[in-house]
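In: Predicted structure and sequence below. I'll ask about it afterward.
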Amino acid sequence: MKPQKRREWIAGLSDTDIASIPWFLVWGARDKQVPPEGDWSLWLSLAGRGFGKTNMIAEFANMKASTMPGSLGIVIAPTAADVRDVTIQGPSGIVNAGAIAERPTYNPSNRLITWPNGSKAYVRSADSPDRLRGPQCHWFVADELAVWRYGVEAWDMLMFGFRLGDIPQGAIATTPKNCKVLRDVLSTPGLVKTTGTTYENRRNLSTVFFDRIITKYEGTRLGRQELNAELIEDNEHALWKREWIDDTRILKTPELYRVGVAMDPAATSSANADDCGVIGGGVLDTDGYVLEDATVHGTPTEQAKAAITMYHKLQADVLIVEANNGGEWIPTVINQIDSSVHVKIVHASRGKQTRAEPVSALYEQRRIHHVGAFSALEDELCQWEPGQASPNRLDAVVWLFTELMLGNTTVPSSSTANVDVNQYKPVRRKRRRR
């Protein structure tokens, strides 16, 4: 049917008629976007960028709410902005999907979605796991599971409330990343999994977007992950291992006595230029902590502003800037924007592997903790191997903990097994108060 005719037809249907329609017929889903048959509990869609994952779970939410009058659901995404702007109010979101007559209303102040038949859904973000305590549901939809900052904790809280009805059902959509929460979900007994690629939705994607993305990423490890939806295993030759990060991950930041921000600037801001790595972290006794990732792609001013914003947000003591790759402009730009920032310029006098190995050793000794999950950073750490061009987040982390934990001591060039990181213990001092 043409859209107008379809809307008129749906508006004339009774509740009983609507409940009897296979919902995917209303919106023309592809086979892989249709909920599987049978009495399943969890449905995971691992799909590439642009596959139509958000539309899929939005239609699933509307289907469950409309065919189960008075039911309770949970809608969850990585952050409060994601769940509001993409999963709910986005062009493919819940309030813009499904039959016109059955579309819900969203009350952001109450974090609640309400359908005309009395069904409701609690709105939650995965960066606040404790907010999932209490709500229970017949169904849920979870967007971009693999980039939830507190993935394991948020998933566990979600599962405790997933208990209403004879067969509660949840739909999960994500681009795959090698993270613990996704590995845990994939090992869940009875899980139904479907996969899809960016190419499958080509007819609904901008030609310019599609050609640009394919040209840049096709055939790369990132392209295999983001376009083909392959779950990429860690590189066995990498200096970092996923287990080192998972073993020491924490949820809350301790009272740190030194905090810094490290910046690995990009030389240009063209479309094909590198990102500017911006990582914030701190130290307590002999341990380090990664606190924020504000990596940005932009002009010199935009790069500087990202670093300055994090510097003040974390009440940092120092902004460390790598100046080898055109970064000499950074102090000037930063001083023009905010002269109160304490900037320290560092220069790479040794190879990337030699600089990275001591920081990798700190991770191996479980002395660096990630406060939450930083999926893009962790992917870079666990996929880069010596000899390759190092990504910008990795470089920023290396500069950050070289300054905060290793100081200015000359770093040996031997393998990580022979690095005595205890010799780099920093002198303890209190954080500056502002």
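Out: Here it is on my side, so go on.
In: which regions of the protein lie under the pLDDT threshold?
Out: For the chain, the stretches with pLDDT under 70 are 1-3, 18-28, 99, 267-273, 324-328, 349, 408-434.
In: so what are the domain limits for it?
Out: 3-226, 242-424 (automatic domain parsing).
In: List phi and psi for the spatially most central residue of the chain.
Out: Residue closest to the average C-alpha location in the chain (Cα atoms, centre = their mean): Val147, at 2.9 Å. Torsion angles at Val147 (phi, psi; degrees, to the nearest 10) stand at phi -110, psi 20.
In: rewinding a little: now the domains of the chain in JSON lines, with distance to Asp234?
Out: The C-beta positions use only the backbone N, C-alpha and C, and glycine is treated the same way. Shown next, in JSON lines, are the domains of the chain (distance: least, Cβ to Cβ, whole Å):
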{"stretch": "domain 3-226", "distance to Asp234": "6"}
{"stretch": "domain 242-424", "distance to Asp234": "4"}
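In: end-to-end on stretch 70-80?
Out: This stretch, stretch 70-80, spans 25 Å end to end (Cα to Cα, to the nearest Å).
In: Could you list the buried residues of it?
Out: For stretch 70-80, the neighbour count (16 or more other Cβ atoms under 10 Å) marks 71-80 as buried.
In: Just list the residues touching the residue nearest to Pro116 when sequence neighbours are not counted, thanks.
Out: Nearest residue to Pro116, sequence neighbours excluded (Cβ to Cβ, 6 or more residues apart in numbering): Glu102, at 6.3 Å. Glu102 is in contact with 10, 18, 62, 66, 115-117, counting by Cβ atoms under 8 Å, 6 or more residues apart in numbering.
In: which phi and psi does Ala229 have?
Out: Per degrees, to the nearest 10, the backbone of Ala229 is at phi 60, psi 40.
In: That one: how many residues sit nearby?
Out: Using other Cβ atoms under 10 Å, Ala229 has 22 other residues around it.
In: OK, contacts around it?
Out: So Ala229 contacts 46-48, 51, 175-176, 195-197 (Cβ under 8 Å, 6+ apart).
In: who wins for most neighbours among those?
Out: Phe51 (27 neighbours).
In: partners of the closest residue to it other than its chain neighbours in the sheet?
Out: Using Cβ to Cβ, 6+ apart and skipping residues adjacent in sequence, the residue nearest Phe51 is Gly196, 4.6 Å away. Under DSSP bridges, the beta-bridge partners of Gly196 are Ala47.
In: Please report how far Gly196 lies from Leu227.
Out: 11 Å (Cβ to Cβ, to the nearest Å).
In: What are the boundaries of the strands in this protein?
Out: Taking DSSP state E, the strands of the chain run over residues 42-47, 72-77, 105-107, 112-114, 120-125, 139-143, 169-174, 192-196, 258-264, 277-284, 287-293, 318-322, 343-346, 368-370.
In: Now the ones you listed in a markdown table, please, with extra columns for distance to Gly151.
Out: Listed next are those as a markdown table, based on distance: least, Cβ to Cβ, whole Å:
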| stretch | distance to Gly151 |
| --- | --- |
| strand 42-47 | 14 |
| strand 72-77 | 11 |
| strand 105-107 | 25 |
| strand 112-114 | 23 |
| strand 120-125 | 12 |
| strand 139-143 | 10 |
| strand 169-174 | 10 |
| strand 192-196 | 17 |
| strand 258-264 | 25 |
| strand 277-284 | 20 |
| strand 287-293 | 15 |
| strand 318-322 | 29 |
| strand 343-346 | 33 |
| strand 368-370 | 12 |
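In: Which among the ones you listed is found nearest to Glu380?
Out: Glu380 lies closest, by Cβ to Cβ, to one member of those: strand 277-284, at 8.8 Å.
In: Pro391 and Ile279 touch, don't they?
Out: No - using Cβ atoms under 8 Å, Pro391 is not in contact with Ile279; the gap is 11.5 Å.
In: Among the two, which residue is more densely surrounded?
Out: Ile279 (30 against 21).
In: so the more buried one bridges to which residues?
Out: Ala262, Asp293.
In: before we move on, back to that, what's the separation between the residue nearest to Phe51 and Cys382?
Out: In terms of Cβ to Cβ, Gly196 sits 25 Å off from Cys382.
In: And Pro331, by the same measure?
Out: 32 Å.
In: what does Val321 give?
Out: Looking at Val321 against Cys382, where the rule is Cβ to Cβ, the gap reads 25 Å.
In: again, but for Thr195
Out: 22 Å.
In: swap in Val123?
Out: With Cβ to Cβ as the criterion, Val123 and Cys382 are 33 Å apart.
In: and the residue nearest to Ala356 when sequence neighbours are not counted, how many neighbours?
Out: Spatial nearest neighbour of Ala356, chain neighbours left out: Val398 (5.2 Å); criterion: Cβ to Cβ, 6+ apart. Using other Cβ under 10 Å, Val398 has 27 neighbouring residues.
In: Could you single out the nearest of the buried residues of stretch 70-80 to Trp240?
Out: Closest to Trp240, out of all of these and judged by Cβ to Cβ, is Pro78, at 22.8 Å.
In: pretty sure the residue nearest to Ala356 contacts Thr354?
Out: No - contact criterion Cβ under 8 Å: Val398 and Thr354 do not qualify, at 10.3 Å.
In: how about stretch 352-359 as CSV, C-alpha atoms only?
Out: The C-alpha trace of stretch 352-359 is given here as CSV (Å, rounded to 0.1, in the frame of the first residue of the first chain):
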residue,chain,number,x,y,z
LYS,A,352,55.9,3.8,19.6
GLN,A,353,56.6,0.3,20.8
THR,A,354,59.2,1.4,23.2
ARG,A,355,56.9,4.1,24.6
ALA,A,356,53.9,1.8,24.8
GLU,A,357,55.5,-1.2,26.5
PRO,A,358,55.9,0.2,30.0
VAL,A,359,52.3,1.3,30.1
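In: buried stuff in it?
Out: Here stretch 352-359 shows 352-353, 355-359 as buried, counting by 16+ other Cβ under 10 Å.
In: Repeat that for stretch 201-221.
Out: Applying 16+ other Cβ under 10 Å to stretch 201-221 flags 201, 205, 210, 213, 217 as buried.
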